[in-house]
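Peer 1: Sequence first, predicted model second:
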Amino acid sequence: MRRSNPYDRNNRNGQDGQMRQKRNDPPRRKRNPLKGIEYVDYTNTKLLQRFINDQGKILPKRITGVTAKQQRAVTRAVKYARHLALLPFVTDDAR
C-alpha cells in the first residue's frame, strides 16, 4: 500500500482528505516597459537605468518583463554604454 506524501505536487488531497480549492485569480501579466519603442538606443541612459540594479548588474527578463529579443537588445545597449563610459560597470558602493 502506497503512502501519500504531503510534499508531493501531484497529491491534491490535504491532510484531512479534502480537495484543495484552486485559486480563481487570473495570472498576472508583466507590463512590457519597451512597448512602443522599436530601437533601444545605447545613448538613452535614462531608459537603460531601468534595466540595471543598484550594483550595476543587468536585470533578467523575468524581472523586467521584456521579451527575449528585447532583452538581447537591452543587454547589447548596456554593454555599449558601459564601453563608452555612459554607464558604470560597477557602482561605487559595490567596490
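Peer 2: Arrived safely.

Peer 1: Point to the helix or strand of this protein where mean pLDDT is at its lowest.
Peer 2: Within the chain, no helix or strand scores below helix 61-64, which has a mean of 92 by mean pLDDT, DSSP states H and E.

Peer 1: Please compute how far it lies from its chain's middle.
Peer 2: Between the centre of helix 61-64 and the centre of its chain there are 2 Å (CA atoms, centre = their mean, to the nearest Å).

Peer 1: Can you name every helix or strand that it contacts?
Peer 2: When contacts are defined as 3 or more CB pairs under 8 Å, 6 or more residues apart in numbering; DSSP states H and E, helix 61-64 packs onto helix 68-83. From N, CA and C alone the C-beta is placed, and that goes for glycine too.

Peer 1: if we look at the helix it packs on, which residues are touching it?
Peer 2: If you take CB atoms under 8 Å, 6 or more residues apart in numbering as the criterion, helix 68-83 is touched by 32, 34, 39-45, 48, 51-52, 58, 60-61, 64, 66, 87-89.

Peer 1: Could I have the buried ones of these as ChimeraX selection syntax?
Peer 2: This is how ChimeraX selects the buried members of the contacts of helix 68-83, with burial counted by 16 or more other CB atoms under 10 Å:
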select :34,40,42,48,51,52,58,61,64,66,87
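
Peer 1: Give me the subset of the contacts of helix 68-83 lying in helices.
Peer 2: Thr45, Leu48, Lys61, Thr64 (DSSP state H).

Peer 1: Quick check: the nearest residue to the third one once chain neighbours are set aside vs Asp41, distance?
Peer 2: Yep, that's Lys61 we're talking about. Closest residue to Lys61 apart from its sequence neighbours, by CB to CB, 6 or more residues apart in numbering: Gln71 at 4.1 Å. Distance, Gln71 to Asp41, by CB to CB, to the nearest Å: 16 Å.

Peer 1: got it, and Thr64?
Peer 2: 17 Å.
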